[in-house]
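Visitor: Sequence first, then the predicted structure, then my questions.
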Amino acid sequence: MFCNSSLDIGLTMTKKKILVLCTGNSCRSQIAEGYLQHFANSKAEIYSAGVETHGVNPRAVATMKEDGIDISSHTSNNIDEYRSIDFDFIITVCDNAKERCPFFPSKAKKFHYNFPDPAKATGTELEILQQFRSVRQLIKDYCKQFVADYL
């Protein structure tokens, strides 16, 4: 009797490991982590880190909540915490992180997009929130396309 299960012929898929890297791991990388988790679903393990740690920005949490994504349990992590992980993709989301990104002895494909830093927005609270929303949309579009293209 023959078994007709795809598991028997070894077609199990391994999850891709993606690192999103920013300067302080407070806004842009946190937003990208949230969207990559959302769009990739179970196809990838998503990590985010900074070359420094600044804590998760409350406005980033609030802005993502407006779009139905909860990042309130995210933590601000330092790149050194992930040295032992063999990433498939590393995405830098600001020029500073790209320039300061430490060498990773891996075969990870590297991607870069310099998103504006919403934490540097000035003006009224509404104007600042509009900047966060604008950057959120840029990151959302990027992440959706990244998942479509590479996962």
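Guide: Sure thing, it's come through.
Visitor: Look up how far Thr122 lies from the residue nearest to the spatial centre of the chain.
Guide: Centroid-nearest residue in the chain, with C-alpha atoms, centre = their mean: Glu33, separated by 2.9 Å. Noted for Glu33: a distance of 26 Å to Thr122, by C-beta to C-beta, to the nearest Å. C-beta here means a position set from N, CA and C on the backbone, and glycine is covered the same way.
Visitor: I'd assumed the residue nearest to the centre of the chain was in a strand, is it?
Guide: No. Applying DSSP: H, G, I helix; E, B strand; the rest coil, one finds Glu33 to be helix, outside a strand.
Visitor: residues in contact with it?
Guide: Residues near Glu33 by C-beta atoms under 8 Å, 6 or more residues apart in numbering: Val20, Ile46, Tyr47, Ser48, Ile71, His74.
Visitor: for the third one, what are its contacts?
Guide: So the one you mean is Tyr47. Applying C-beta under 8 Å, 6+ apart, we find Tyr47 in contact with Lys17, Ile18, Leu19, Val20, Glu33, Asn77, Tyr82, Ile85, Phe87.
Visitor: and the next element down the chain from whichever strand or helix holds it?
Guide: Per DSSP states H and E, Tyr47 falls inside strand 44-50. Of the helices and strands lying after strand 44-50 in sequence (DSSP H and E), the nearest is helix 58-66.
Visitor: neighbours around the nearest residue to Thr53 once chain neighbours are set aside, how many?
Guide: Closest residue to Thr53 apart from its sequence neighbours, by C-beta to C-beta, 6 or more residues apart in numbering: Ser76 at 4.3 Å. Counted with other C-beta atoms under 10 Å, the neighbours of Ser76 add up to 19.
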